[in-house]
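S.K.: I'll drop the sequence and a predicted model, then ask my questions.
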Amino acid sequence: MKLLRSLRSRALPTSPPPSPSDDELEASPPLECTDLEIQRWNAEWFEYLRQEWDRQLNPYTLYPDKPPLPDSPLDLIHLKLGYGPALALYADREAIEGKRLMEMGCGCGNLGKLIARYAESYLGTDYSTLALKIARLVSPPNCAYVHVADRAGLEPFFGTVDTVIGRYFWIHQNLKLGRWNLEFLELFLKPGGRLYADFYWPNPKVEQGIVFTPDHPLSRAYPSATFRYTPEDVERLIAGRPFRILREEISTEMQRRYVVLERLAEA
């Protein structure tokens, strides 16, 4: 069966990666995002737009359908809203319908402009100022897009989010960056709120690109590399943070370890 893939996961190189000491890519926590990081992500999005400008620039009004959300999160992955690709989103229906949603790594709003029709509201955050400008142009009125380093713009949303959703995001986060992201998302999720994470879990029958362990640093040579998370790695990711694992589910088709986390109340 054909796998659904993200732009950032396509055509990954298969040559051996360089050693970490020669290749480490500097990164910072979301709220401390640097101008250099913004420029780097803007440059990446320029490349994505060169390849798929028509899809990225399509407004939400080109997707008029609103089919019922399926009961199974695995079925939601394949749901289509008329014209366009499947949602490729793993989440429970009750965590979306009428809820306040948030997405980390929202890009040009390709998910927000579709899923927001089911939600009370949707907040998208990203490192790329370019992508966020496009997202604002193509999304419905109940969507808001704020840069990860814009604390003043983000603070009104602190403690208001019911559900953090994501696709093609956690597969590209190593342990260090993943823990930074969790600390960031804690600010937004209500106690009892859910976070849906899509960790990479390679199918041995499928040819792989560059796949690192979560302890490997981010790579300059392979910025779209994926990070393979075991159950133990997920436990390390949330250690000391106010989250607990509600469940996990493996999809060999999507090459994912889907994990549902619950935000705990502060002690």
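M.R.: Looks like it arrived, so ask away.
S.K.: Every contact and neighbour count from this point should use C-alpha atoms.
M.R.: Noted.
S.K.: doesn't Arg179 make contact with Pro29?
M.R.: No - using Cα atoms under 8 Å, Pro29 is not in contact with Arg179, being 9.1 Å away.
S.K.: what's near enough to touch the residue nearest to Val260 when sequence neighbours are not counted?
M.R.: Once flanking residues are discounted, Val260 sits nearest to Tyr196: 4.8 Å by Cα to Cα, 6 or more residues apart in numbering. Taking Cα atoms under 8 Å, 6 or more residues apart in numbering, we find Tyr196 in contact with Tyr90, Ala91, Thr163, Val164, Ile165, Gly166, Tyr258, Val259, Val260, Leu261.
S.K.: how about 10 Å then?
M.R.: Contacts for Tyr196 (Cα atoms under 10 Å, 6 or more residues apart in numbering) come out as 89-92, 95, 103, 163-167, 170, 248, 258-262.
S.K.: That one in helix, strand or coil?
M.R.: strand (DSSP: H, G, I helix; E, B strand; the rest coil).
S.K.: Quickly note the distance from it to Pro140.
M.R.: Going from Tyr196 to Pro140 by Cα to Cα, to the nearest Å gives 23 Å.
S.K.: Quick check: which element contains Ile250?
M.R.: strand 243-251 (DSSP states H and E).
S.K.: what comes up buried for that strand?
M.R.: Phe243, Ile250 (16 or more other Cα atoms under 10 Å).
S.K.: and it, which strands flank it?
M.R.: strand 256-263 (antiparallel) (DSSP bridges).
S.K.: okay, the strand it pairs with in PDB with CA atoms only?
M.R.: Below are the C-alpha coordinates for strand 256-263, written out as PDB (Å, rounded to 0.1, in the frame of the first residue of the first chain):
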ATOM      1  CA  ARG A 256       4.900   5.500  12.900                       C
ATOM      2  CA  ARG A 257       4.700   4.900  16.600                       C
ATOM      3  CA  TYR A 258       1.700   7.000  17.500                       C
ATOM      4  CA  VAL A 259       1.700   8.000  21.200                       C
ATOM      5  CA  VAL A 260      -1.100   9.800  23.000                       C
ATOM      6  CA  LEU A 261       0.100  11.800  26.000                       C
ATOM      7  CA  GLU A 262      -2.100  13.400  28.700                       C
ATOM      8  CA  ARG A 263      -1.100  16.700  30.400                       C
END
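S.K.: Alright, that wraps it up for me.
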